[in-house]
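Participant: I'll drop the sequence and a predicted model, then ask my questions.
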Amino acid sequence: MNGEPFDDLRDAMSTSGRSMKKAARRGAYETAQAVGEERRRIRIRTLDGTDIRGEVFLEGTEFERRVSSLLNDERTFVAMTDSEMFVNGRRVAHAEFICVNKNAISYVLEE
């Protein structure tokens, strides 16, 4: 100990305070930069074998803009735009907007 019993403790607190401030500034900057939105084309295969191809809208941070995040969120339906439905490889319908119940989905592929 240098002089007073709390000198070492004050130095440690001062140093950690500076590094915490830098980390907080860096974290706020990175989060602000990463938020965005995008559209992705996907193909959904339903349990009855119907293929639905269309676009989904993803928003949030880069980590949140994943198709798996869309499937795992609390919403019951997946909203798609500019979609086409295929049965046995034949196009049977086109819709500007469609909602697909997540319970009816067998699998999802990104196109």
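Facilitator: Happy to help now that I have it.

Participant: Stretch 83-102: end-to-end distance?
Facilitator: Start-to-end span of stretch 83-102 (Cα to Cα, to the nearest Å) is 16 Å.

Participant: show me where this structure has helices.
Facilitator: 7-34, 67-72 (DSSP state H).

Participant: looking at those helices, which one has the lowest mean pLDDT?
Facilitator: Per-stretch mean pLDDT for the helices of the chain is lowest at helix 7-34 (a mean of 50).

Participant: which residues sit in contact with residue 66?
Facilitator: Shown in contact with residue 66 (Cβ atoms under 8 Å, 6 or more residues apart in numbering): residue 58. Every C-beta, even on glycine, is put in place using the N, C-alpha and C of the backbone.

Participant: measure it to residue 104 for me?
Facilitator: Applying Cβ to Cβ, to the nearest Å, the value for residue 66 to residue 104 is 21 Å.

Participant: any residues touching stretch 76-91, and which ones?
Facilitator: By Cβ under 8 Å, 6+ apart, the list of residues contacting stretch 76-91 reads 39, 42, 44, 49-57, 70-71, 92-103, 105.

Participant: of those residues, buried ones?
Facilitator: With neighbours counted by 16 or more other Cβ atoms under 10 Å, those contain buried members at 42, 44, 50-56, 70, 98, 100, 102.

Participant: now do the same end-to-end measure for stretch 67-83.
Facilitator: Stretch 67-83 has an end-to-end distance of 16 Å (Cα to Cα).

Participant: tell me which residues of that stretch are tucked away?
Facilitator: 70, 78, 80, 83.

Participant: Would you format the residues you listed as a markdown table with distance to residue 110 included?
Facilitator: What follows is the buried residues of stretch 67-83, written out as a markdown table (distance: Cβ to Cβ, whole Å):
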| residue | distance to residue 110 |
| --- | --- |
| 70 | 11 |
| 78 | 13 |
| 80 | 13 |
| 83 | 15 |
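
Participant: And the furthest pair within these?
Facilitator: 70 and 83 (14.7 Å; Cβ to Cβ).

Participant: Please name the residues that touch residue 106.
Facilitator: By Cβ under 8 Å, 6+ apart, the neighbours of residue 106 are 45-47.
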